[in-house]
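A.B. asks: how would this look folded up:
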Amino acid sequence: MFDRAIAQKINANLVILRDRNHRFYLAGVKSLGNRQETVAALRQILADLNTPEVVAVGGSVGVFGALLLSCDLGIKHVIASSGPTSLDIGYEEGDRQWYIQTKEMADEGLIEYPDLAAEVARSDIERVDFFLAGQHDFDMRQMRNLADRTDVVVPHIYDDLSGHTTIRQMIMDDSLLKLLSE
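C.D. replies: Down below sits the predicted model:
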């Protein structure tokens, strides 16, 4: 859907990542290696593409990954759709097994768990367009965590939505296409 609705219209190269480790990209991308190896591989991919501008887009857990990897890669613009900016917010609520397991791995020293908002504040990121449902408390708290600690967040709140996922709405109302076409 993303390719047809967005990438083909703006003639963009897409690099799609998926966190099959289920560790918020902190353990890297399985096919690329650990986090350091993933960053090195992405640097090479971006160099090979020789693209003048890179925008990281993430939805749900991909928000954490887009922010994290943008900090590592010097990416200046992130488009986020309803996702975590901290594993400390709400991990005790509901079924958040990935949060708990990831934090346990960090406590055991198996992976590094940074203060992501602090990392973003120190990074080259100039803008985070953060889309979310206005009636989704968890996502609102995640967005506020970043917005309250950095000056780069531009909130895009769908007041009438309550679900976690907003990417479909972003595509339907052309918000995503407009941002990627700027």
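A.B. asks: please count neighbours and contacts with C-alpha atoms only from this point.
C.D. replies: Noted.
A.B. asks: so what's the gap between the helix of greatest length in the chain and the chain middle?
C.D. replies: Criterion DSSP state H: the longest helix present in the chain is helix 35-49. In this view, helix 35-49 has its centroid 17 Å away from the chain centroid, taken as CA atoms, centre = their mean, to the nearest Å.
A.B. asks: other SSEs contacting it?
C.D. replies: Judged by 3 or more CA pairs under 8 Å, 6 or more residues apart in numbering; DSSP states H and E, helix 35-49 is in contact with helix 61-73.
A.B. asks: what's in contact with the helix it packs on?
C.D. replies: 18-19, 24-26, 39, 43, 56-58, 76, 78, 80-86, 116, 119-120, 123-125 (CA atoms under 8 Å, 6 or more residues apart in numbering).
A.B. asks: C-alpha coordinates for that helix, PDB please?
C.D. replies: Written as PDB, here are the backbone C-alpha positions of helix 61-73 (Å, rounded to 0.1, in the frame of the first residue of the first chain):
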ATOM      1  CA  VAL A  61       7.300   0.000  16.900                       C
ATOM      2  CA  GLY A  62       8.900   1.400  13.700                       C
ATOM      3  CA  VAL A  63       8.700   4.900  15.300                       C
ATOM      4  CA  PHE A  64      11.300   3.800  17.900                       C
ATOM      5  CA  GLY A  65      13.400   2.400  15.100                       C
ATOM      6  CA  ALA A  66      13.100   5.400  12.800                       C
ATOM      7  CA  LEU A  67      14.100   7.700  15.600                       C
ATOM      8  CA  LEU A  68      16.900   5.500  16.900                       C
ATOM      9  CA  LEU A  69      18.400   4.800  13.500                       C
ATOM     10  CA  SER A  70      18.000   8.500  12.400                       C
ATOM     11  CA  CYS A  71      20.100   9.500  15.400                       C
ATOM     12  CA  ASP A  72      22.800   7.100  14.400                       C
ATOM     13  CA  LEU A  73      22.700   8.000  10.600                       C
END
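A.B. asks: report the mean per-residue pLDDT for that helix.
C.D. replies: For helix 61-73, mean pLDDT is 97.
A.B. asks: which parts of this structure are helices?
C.D. replies: 2, 8-10, 35-49, 61-73, 97-107, 116-122, 137-147, 167-172, 175-181.
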